[in-house]
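[1] here is a sequence with its predicted model. Questions after.
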Amino acid sequence: MYKLKMVYGPVPSRRLGRSLGVNPIPFKTCNYSCVYCQLGRTTHMTNQRKDFFPPEELLNEIRRVIEAESSHREIDFVTFVGEGEPTLCKSLGWLIRKTKEIADIPIAVDTNGSLLYREDVRNDLSQADIVMPSLDAGTVETYRKINRPHRGLDFKAVVEGLERFRRDYNGEIWVEVMLVKGLNDTERELKALKSRLEKIEPNRTYINVPIRPPAEPWAVPPDKDAITLAHAILNDANVVDITEEETGEFSTEGFTNPEDAILAIIRRHPMREGQVIDTLRNLSFKKKALPKKYNIRDSIKRLEKSGKIKKLKYQEKVFWLTMEEKRGHD
Ligand code: SF4
């Protein structure tokens with residue numbers, strides 16, 4: 001059995017059902033360092049597009065997972081998402097096109113939207129069925145505070161890139177707004193955001209809050225009143241609230257060892273303790289490979305003792321993270 005490196009899942013997604021994640025970017029390589037990032041602070045800040053992994057290798061991994069019949073049935077979307085910003089991958093357009101040739105599965109791109117001012121990026125993304133850019137600020141001051149962008153990025157150009165993409169693109173644009181207490185949850189900020197969104201005209205706007213441990217421990221969800229205010233101001237038939245956690249099972253497809261599966265999933269996606277246990281219980285596909293008296297909690301203890309994972313309490317819930325993530329909590 002091969003080990004998946006750049007393709008993972010399918011994982012449950014609040015917006016996309018069961019999503020097969022494709023990660024064309026090395027860990028925490030981004031042109032933002034968002035205060036709420038669930039992967040921790042950006043360690044490789046870059047604004048330069050290039051191929052970080054051989055594109056053919058990425059495509060081979062995508063093909064292998066899609067062609068495994070059991071996975072195929074379970075995939076609602078192939079999502080280019082990454083452990084950083086996926087549009088930094090120079091071959092993204094080629095990868096989307098080739099993936100479409102492999103299977104008739106809709107393709108989504110989860111992006112911070114910052115590079116849409118570039119024509120090559122707009123062309124690449126125009127081949128996807130759904131593009132999900134972020135927009136967390138209506139003013140340059142808040143943009144700098146919340147997204148902490150690469151110095152080569154200009155807020156005005158970023159917003160105009162989103163507007164331009166809307167004009168040229170026939171697919172769906174689902175904008176995600178991450179609300180962070182004290183940063184973008186005031187009436188003034190929300191009204192500024194609303195006027196930007198009116199020009200972008202997304203098909204949907206998702207209101208989200210940091211539900212998993214963020215890069216900065218102070219980046220917490222706004223109070224309920226502020227979320228109500230956000231709904232009132234951003235008020236539109238297409239606004240969807242995703243401030244609740246997703247449910248559903250994470251796939252262990254492609255792994256013979258449950259501990260490897262857990263590490264691969266939480267590396268991209270910090271998990272609540274209950275989710276770790278549910279995932280480890282989902283072992284029917286490889287029962288033969290496991291010891292007869294397999295104990296889930298022993299697995300977790302072993303991973304913790306070896307220093308590969310650590311526990312973190314955030315918003316009254318216990319999460320497990322891989323030690324690779326360098327967060328501001330230490
Ligand atoms: S949330 Fe996305 S855009 Fe922001 S730092 Fe993390 S990977 Fe980059």
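    Here it is on my side, so go on. Source: prediction; values computed, not measured. Numbering: from 1, shown residues only.
[2] so what's the residue count around Val140?
    Per other Cβ atoms under 10 Å, the neighbour tally for Val140 reads 15. The C-beta positions use only the backbone N, C-alpha and C, and glycine is treated the same way.
[3] surely it meets Leu153?
    No: contact criterion Cβ atoms under 8 Å: Val140 and Leu153 do not qualify, at 10.5 Å.
[4] what residues go with each domain of this structure?
    7-241, 271-322 (automatic domain parsing).
[5] can you lay out those as TSV showing mean pLDDT?
    Shown next, in TSV, are these (pLDDT from 0 to 100):
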stretch	mean pLDDT
domain 7-241	92
domain 271-322	72
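[6] which one of these is the most hemmed in?
    Of the domains of the chain, the one with the most neighbours on average (mean count of other Cβ atoms under 10 Å) is domain 7-241, at a mean of 19.
[7] and the end-to-end length of that one?
    28 Å (Cα to Cα, to the nearest Å).
[8] rewinding a little: nearest to Glu259, out of the domains of the chain?
    Glu259 lies closest, by Cβ to Cβ, to one member of the domains of the chain: domain 271-322, at 5.6 Å.
[9] ends of the closest one, what's the gap?
    Domain 271-322 end-to-end distance (Cα to Cα) = 10 Å.
[10] same thing with stretch 33-49?
    Stretch 33-49: ends 17 Å apart by Cα to Cα.
[11] likewise stretch 117-134?
    Note: stretch 117-134 ends 14 Å apart using Cα to Cα.
[12] nearest residue to the middle of this protein?
    Centroid-nearest residue in the chain, with Cα atoms, centre = their mean: Val81, separated by 5.4 Å.
[13] ok, that residue touching Leu20?
    No: look at Val81 against Leu20 with Cβ under 8 Å: they stay out of range, at 9.8 Å.
[14] on that earlier part again, closest one to the ligand among the domains of the chain?
    domain 7-241 (3.1 Å; Cβ to the nearest ligand atom).
[15] the closest one near the ligand at all?
    Yes: under the criterion of Cβ under 6 Å from any ligand atom, the ligand is reached by domain 7-241 at 30, 32-34, 37, 39, 42, 84-85, 112.
[16] farthest pair in the residues you listed?
    Leu39 and Asn112 (12.4 Å).
[17] what helix or strand does Phe53 sit in?
    Assignment of secondary structure by DSSP states H and E places Phe53 within no helix or strand.
[18] got the contact list for it?
    6, 24, 26 (Cβ atoms under 8 Å, 6 or more residues apart in numbering).
[19] measure how far stretch 49-59 is from the centre of its chain, please.
    19 Å (Cα atoms, centre = their mean, to the nearest Å).
[20] now do stretch 111-128
    That offset, for stretch 111-128, works out to 17 Å (Cα atoms, centre = their mean).
[21] name the residues that touch that stretch?
    Contacts of stretch 111-128 (Cβ under 8 Å, 6+ apart): 30-32, 34, 47, 49, 80, 85-88, 92-93, 96-97, 100, 107-109, 131-135, 147, 149, 153, 157-158, 160-162, 164-165, 168-171, 175.
[22] among these, which are located in strands?
    Members of these lying in strands (criterion: DSSP state E): 30, 80, 107-109, 131-133, 175.
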